[in-house]
Each structure stands twice: as C-alpha cells, then as structure tokens.
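A.B. asks: Sequence first, predicted coordinates after that:
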Amino acid sequence: MMAIRFIGLCLALCGLGCGGSDTMMHFRATLPFAQKLSNCSGVATGDIFSAALNISGGFPVCDLAVNATDFTVSGECPDIVTGQERFLFIYYSVAPAQVTSLEQNKAIAYDISYVDLTSDGLEPGQTEQIVDIGGSQSETYYSDADADVTEINCDLSTIPLFDQARCWVHDYGIGGIPNSGLETLDSDGDGIDNFDELCSGTLFDSDESE
Ligand SMILES: [Ca+2]
C-alpha cells in the first residue's frame with residue numbers, strides 16, 4: 001500500500017524592485033508525481049532523478065533536488081518578482097547510474113501550471129503560500145502528444161490562465177530545453193513513452209546497444 005506523496009518546492013519571491021529583506025517571501029507548491037513513480041517497479045537502483053523549474057518571465061532555470069527515496073522534490077528559486085501571474089513548467093528527468101553522455105538524461109514527465117503572484121493572489125505581508133499544483137489547475141504530461149495545443153486558441157488575452165500556461169509551454173518549447181535528451185518524452189521514438197519504459201526497465205536499452 002502506497003501513501004500518496006506530494007512534491008514540494010519553494011520559490012523565493014521578491015516584490016517589485018527586489019529591495020530589502022522585507023520584500024522577500026516564500027512560495028510552496030505541491031505536485032503529483034512521486035506517487036506514480038513510487039508505484040513504478042522497473043526503476044533501477046542507482047538511477048539518478050533530477051528536476052528543474054522554468055518560470056515565465058525569463059528567469060533562469062531553477063534546479064530542484066529530488067529525494068532518492070521518496071522522489072519528493074524541493075528547492076529554492078531566488079528572486080522571482082511578484083506582481084504577475086507566472087506560468088510554471090517543471091520537468092523531470094532520469095539518468096542511469098553510469099552516465100556516459102548527456103543524451104542518457106531522459107525526460108520522463110513535465111508538469112504545467114501557474115501561480116498568481118499579483119496582489120489578488122497574495123495577502124499583504126504574506127511570507128508563504130501553499131498551492132496544490134496537483135489540483136485542477138495543473139497537468140502532468142507523460143507523452144509528447146499531451147503538449148499538443150491545436151485545440152486551444154492561443155490568444156493569450158482571451159483564454160483561461162491554465163490554457164495560457166499550456167500555450168506558453170508550447171511556445172517556450174519543450175524542444176527548447178537546452179539538452180536534446182530532454183526534448184521528447186519518447187527518446188527512442190518507438191511510440192512507448194519514456195515513463196512507461198522506465199517502469200518496464202527498457203528506458204536505457206537503446207543507449208547500451210549504441
Ligand atoms: Ca520509447
């Protein structure tokens with residue numbers, strides 16, 4: 001029996017101007033992902049998991065720490081300016097214990113969400129915010145097809161925030177991650193998603209045969 005686990009991350013936010021420490025605050029989010037990973041029997045001992053967060057607005061990619069035991073994720077992403085709604089794109093990847101090339105680090109899931117960092121979403125003086133990214137306002141992609149936005153009219157001024165986030169991720173480019181091994185959720189192109197291959201123990205087979 002597996003307990004439901006959540007993934008949490010902290011963003012260190014700052015108010016407009018990023019002035020003194022009085023404008024610093026922390027943001028905490030929970031994500032659904034570790035439970036599915038914990039139920040996955042094909043994960044090899046020594047597989048190295050990593051995660052990172054992209055935040056809309058041109059901030060540097062923020063590396064997150066993955067707990068090797070329960071797959072929870074945490075981290076601090078400094079100097080995120082408040083005053084806007086921010087789209088969030090978290091990507092998870094895994095590499096074998098013996099990494100011989102960057103391409104062996106393979107994306108297994110992406111999580112798309114957003115957070116309201118305007119005055120509407122934050123209380124005056126608030127120093128920490130709990131957001132359940134696993135709720136209705138997020139989506140985890142396990143397949144490249146999940147990122148398809150052809151059904152959405154990506155006119156950002158007229159569509160709901162979550163659709164805007166999906167369009168942002170699409171435009172930002174899952175293929176825009178600066179590591180070719182992370183651009184697709186089906187690295188060997190055989191129609192079976194990386195996550196499923198991880199669970200069946202075949203994710204790194206094509207690397208070994210090269
Ligand atoms: Ca595959």
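C.D. replies: Nice, I can see it.
A.B. asks: And the strands in this structure, which stretches?
C.D. replies: 7-14, 24-31, 48-55, 62-66, 73-74, 76-81, 85-95, 106-116, 128-132, 139-141 (DSSP state E).
A.B. asks: burial count for residue 90?
C.D. replies: 25 (other CB atoms under 10 Å). Bear in mind the C-beta positions are built from the backbone N, C-alpha and C, glycine included.
A.B. asks: okay but it is in contact with residue 53, surely?
C.D. replies: Yes. Counting by CB atoms under 8 Å, residue 90 does reach residue 53; the two are 5.0 Å apart.
A.B. asks: which stretch in the strands of the chain has the least confidence?
C.D. replies: Among the strands of the chain, strand 24-31 carries the lowest mean pLDDT, a mean of 51.
A.B. asks: Now do the longest helix along the chain: everything it contacts.
C.D. replies: The residue-count maximum for a helix in the chain (DSSP state H) belongs to helix 161-172. Contacts with helix 161-172, where a contact means CB atoms under 8 Å, 6 or more residues apart in numbering, come from 54, 56, 85, 87-89, 110, 112-114, 116, 137-139, 147, 149, 152, 154, 156, 159.
A.B. asks: residues touching the nearest residue to residue 89 once chain neighbours are set aside, list them.
C.D. replies: Once flanking residues are discounted, residue 89 sits nearest to residue 54: 4.2 Å by CB to CB, 6 or more residues apart in numbering. Shown in contact with residue 54 (CB under 8 Å, 6+ apart): 61-62, 88-91, 172.
A.B. asks: from the residues you listed, which two are the most distant?
C.D. replies: Taking CB to CB, the two most distant members of the contacts of residue 54 are 62 and 172; they sit 14.4 Å apart.
A.B. asks: more crowded one of these two?
C.D. replies: Using other CB under 10 Å, the more surrounded residue of residue 62 and residue 172 is residue 62, with 19 against 14.
A.B. asks: who's the more buried one bridged to?
C.D. replies: residue 53 (DSSP bridges).
A.B. asks: and residue 66, bridged to which residues?
C.D. replies: Under the criterion DSSP bridges, residue 66 forms beta bridges with residue 73.
A.B. asks: what about it, distance to residue 184?
C.D. replies: Distance, residue 66 to residue 184, by CB to CB, to the nearest Å: 20 Å.
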